[in-house]
Structures are given as structure tokens and as C-alpha cells.
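Q: one predicted model, sequence on top.
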Amino acid sequence: MEINTALTFYKYQGTGNDFVMVDNRTDSFPKNDTELVAKLCDRRFGIGADGLILLENDPTLDFKMVYYNADGNEGSMCGNGGRCLVAFANFLGIFSSETKFNAVDGAHSATIEGDIVELKMGDVTEIKIKPNYYFLNTGSPHHVQLVSEIQDLDVFKEGSKLRYGLYGEKGSNINFVEPLDNGAFAVRTYERGVEDETLSCGTGVTAVAIAMHKSGRVSSDIVNIEAQGGKLQVRFSVDAKGYSNVHLKGPATQVFKGEVKW
Ligand SMILES: N[C@@H](CCC[C@H](N)C(=O)O)C(=O)O
């Protein structure tokens, strides 16, 4: 490993899901260095984050998102990370209010107003309904399970049991959900690739909103979610083919800028 290579980075968070952001339009970041990405995300030996995101040039759209989980491996789509990257691209002056970018699961459009970012997610046409859970892919795979007394749940213990036990090495993200008196849903997520509970998961709350609508627990096409790190809103259109025009909305903010050497 090289010594004294300096990297300028920005730290962003979206409802407590936090990311190291790197402007890699110069293509200088060592993209295959899994160990380095994991170290930068480490909360004791590095900057500390749930993931690292590279903002890159795209041949047709405004920019491209390359997302790594905290374990250093490239992940599937990250909803909160996508929202934070939109805020970062806006900060860099790449667009002013509306944008379209490429990610691992295809093109996403988004808007920003103040610190509120609304991101269009992919359509969902397939939902597995099992006796005590739902499984669907919102850009990343998600298990959705209803629980009671959600704040007392050991999310790490129960989430890791399901992540490995039910889904094997490839795994899935595991979401626990409880309907609240105000019509919203409380959600706690065990994230694959972080291998721990995170304060919020964007593709996870999107999966929860769709699963709760599919199950009839909510009839509105706008669903409010209360994650551990803040509130998010999911809206969609629904017809016989499934869920389309899926949007994830909530705050995404810059926390600090820094330089790290390795
Ligand atoms: N935090 C993310 C989810 C990221 C995807 C995931 N950890 C995986 O690769 O399975 C989000 O906000 O969607």
C-alpha cells in the first residue's frame, strides 16, 4: 500500500445513513482496493461510514454513482447514498435543481430543494409473499418482516440470523417494521455489507412502503416512514403490473470535508 497518497473526501448523511463521498471525475481513485475502502469506512481506523461513493463522469447522463458497502465490496443500489450523491453533485455545481444519473441498477432522476432530495427508484414488479415476511428488490434485495415492540428488538442478532440463515452467503438486507398510531411505519434495518444495523436504509424503507401497501396495511400511495435516523417518504403508482414511479424523499446533508492519507 502506498504511503502519503492524499485523498480529499466529503462526508454526507441521509437520515443517519452516512457515506464518504469522493469526486472521482479524474479517475484517480484505486477502485479495486477493497481493503482501502473498508479502512476508510472503518469507524476506528478510518473516517467512518456505512459506505463509500464515487462520483464519476457518465457518457450520457450528468454523472455516475459507484457504491461500495462498508466492507469494501461494491454493493447493489443504495437509496440514501443516491440521495446524498445528488446533494454532492449539486454542491459541486454539476446541476441546479433536476438531474439524471447512472447507477448499478440503471438511470435515476432526482430533484433537490434545500436539503430535501427526491430520488426516483426502479419499478417493482415481483414481490414474494411468505407467511411471515415479504421479499422484494428495490435496487437491492430486501426482506420485510412485521414485528411488535420494535424498539426492544435486537436487530443485530435477529437480522444477522436471517441474513445468513435464510439467504446464505449472497445475503439480503433485513428490515423490521411496526405500524405506528400516526399512520407511519417504524423501520429498523440490518444492512448486508455493513453487517450491522444502520440508522436508515433508503432501498429498505422503499421496500417496506411497497410491502405494507401490497399487504393492505396502508391504502395511500404516499407512505411515511420513521427510520432510527429520521423521517422519509415513499410515493408510487400502482397497477396490475406492479409499482412504478417509485420516489424516495428526505433530507441529505454534507457533514464535513477532509483529507486522508494512506
Ligand atoms: N444503505 C443502502 C442500502 C445499500 C445496499 C446494501 N447494503 C446492499 O448492498 O445490499 C440504502 O440506503 O439503500
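A: Arrived safely.

Q: distance check, residue 167 against the ligand.
A: Distance, residue 167 to the ligand, using Cβ to the nearest ligand atom, to the nearest Å: 10 Å. To be clear about C-beta, it is placed using only N, CA and C from the backbone, and glycine gets the same treatment.

Q: that residue touches residue 143, doesn't it?
A: Yes - at 7.3 Å, residue 167 counts as touching residue 143 under the criterion of Cβ atoms under 8 Å.

Q: more neighbours: the two, which one.
A: Neighbours were counted for residue 167 and for residue 143 using other Cβ atoms under 10 Å; residue 143 has more, 27 against 16.

Q: chain center to the host helix or strand of the more buried one: distance?
A: Using DSSP states H and E, residue 143 maps to strand 141-146. How far strand 141-146 lies from its chain's middle: 14 Å, per Cα atoms, centre = their mean, to the nearest Å.

Q: stretch 109-120 now?
A: Distance of stretch 109-120 from its chain centroid, counting by Cα atoms, centre = their mean, is 14 Å.

Q: let me see the mean pLDDT of that stretch.
A: Mean pLDDT, computed over stretch 109-120, is 98.

Q: got a list of contacts for it?
A: Residues outside stretch 109-120 that contact it (Cβ atoms under 8 Å, 6 or more residues apart in numbering): 14, 79, 82-84, 86-87, 90, 97-101, 108, 202, 245-253.

Q: which positions in that stretch come out as buried?
A: 110-112, 117-120 (16 or more other Cβ atoms under 10 Å).

Q: what two of those are the furthest from one another?
A: 112 and 120 (12.8 Å; Cβ to Cβ).

Q: the residue in the stretch 51-200 of the chain positioned nearest to the ligand: neighbour count?
A: Residue nearest to the ligand within the stretch 51-200 of the chain (Cβ to the nearest ligand atom): residue 75, separated by 3.0 Å. Residue 75 is flanked by 24 other residues according to other Cβ under 10 Å.

Q: wait, it sits on residue 171?
A: No - using Cβ under 8 Å, residue 75 is not in contact with residue 171; the gap is 11.0 Å.

Q: let me see the contact set for the spatially closest residue to the residue of the stretch 51-200 of the chain closest to the ligand that is not a sequence neighbour.
A: Using Cβ to Cβ, 6 or more residues apart in numbering and skipping residues adjacent in sequence, the residue nearest residue 75 is residue 69, 4.2 Å away. Applying Cβ under 8 Å, 6+ apart to residue 69 gives the contacts 50-51, 75, 191-194.

Q: one more pass at 6 Å, please.
A: By Cβ atoms under 6 Å, 6 or more residues apart in numbering, the contact set of residue 69 is 51, 75, 193.

Q: likewise residue 225?
A: Contacts of residue 225 (Cβ under 6 Å, 6+ apart): 185, 187, 205, 232.

Q: enumerate the residues of the stretch 101-250 of the chain near the ligand.
A: 140, 173, 191-193, 201-204 (Cβ under 6 Å from any ligand atom).

Q: no further queries at this time; thank you.
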